[in-house]
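A.B. asks: Give the three-dimensional model of this entry:
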Amino acid sequence: MDIRALTPSYAVSPQIDPADLPAIKAAGYTTIIDNRPDGEIPPDLHTDVMRSAAEALGLAFIANPVIGGAMTMDNVTAQRAAIEAASGPVFAYCASGNRSSVVWALAHAGQMPADDLIGIPARFGYQLEHLRPTLESLAQQG
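C.D. replies: From the prediction side, this is the model:
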């Protein structure tokens, strides 16, 4: 498991499995967001399995599957709502952490400068420069 803290209250990671959840909880995360569609992963990592394991540890679990190349504004809205509702730091995962970074950046358009929304994920190898026009447009829409 590779926790990549974008901010003190939001981290991303490549795919995790139920055995990683105790360490995630021990690291202080209170909410898990699954950005991975079940169709991409084996049954032992499906949403229901991960939800049961997370909730057994007292972690909140939100499924917000983001299809690569087909992210919707509903995904962005759901991610923002999950982050805002969290009682503490949020841990989001997908295949590599990229989709969880993209949906985070879009959810924070207008709340943080586009340079930060692009630059912070870049420290972990996530290249979001292509989102700049969208981030700036969303920020103007307020």
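
A.B. asks: Which positions in stretch 66-85 come out as buried?
C.D. replies: 66, 71, 75-76, 78-80, 82-83 (16 or more other CB atoms under 10 Å). Backbone N, C-alpha and C define where each C-beta goes, glycine included.

A.B. asks: how about residue 37, what does it touch?
C.D. replies: Residue 37 makes contact with 65-67, according to CB atoms under 8 Å, 6 or more residues apart in numbering.

A.B. asks: what would these look like in a markdown table with distance to residue 49?
C.D. replies: Output for these, formatted as a markdown table (distance: CB to CB, whole Å):
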| residue | distance to residue 49 |
| --- | --- |
| 65 | 14 |
| 66 | 19 |
| 67 | 20 |
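
A.B. asks: Check the offset of the strand or helix carrying residue 79 from the chain's centre.
C.D. replies: Using DSSP states H and E, residue 79 maps to helix 73-85. Computed by CA atoms, centre = their mean, to the nearest Å, the chain-centroid distance of helix 73-85 equals 10 Å.

A.B. asks: how close does residue 91 get to residue 136?
C.D. replies: Distance, residue 91 to residue 136, by CB to CB, to the nearest Å: 28 Å.

A.B. asks: okay, the two: which has more neighbours?
C.D. replies: residue 91 (29 against 15; other CB atoms under 10 Å).

A.B. asks: Check which helix or strand that one maps to.
C.D. replies: strand 90-93.

A.B. asks: Adjacent strands (with direction) for that strand?
C.D. replies: strand 10-13 (parallel), strand 31-34 (parallel) (DSSP bridges).

A.B. asks: Contacts made by the helix or strand bottoming out on mean pLDDT in the chain with the rest, please.
C.D. replies: The helix or strand of the chain with the poorest confidence is helix 132-141; it has a mean of 90 (mean pLDDT, DSSP states H and E). By CB under 8 Å, 6+ apart, the surrounding residues in contact with helix 132-141 are 105-106, 109-110, 114, 117-118.
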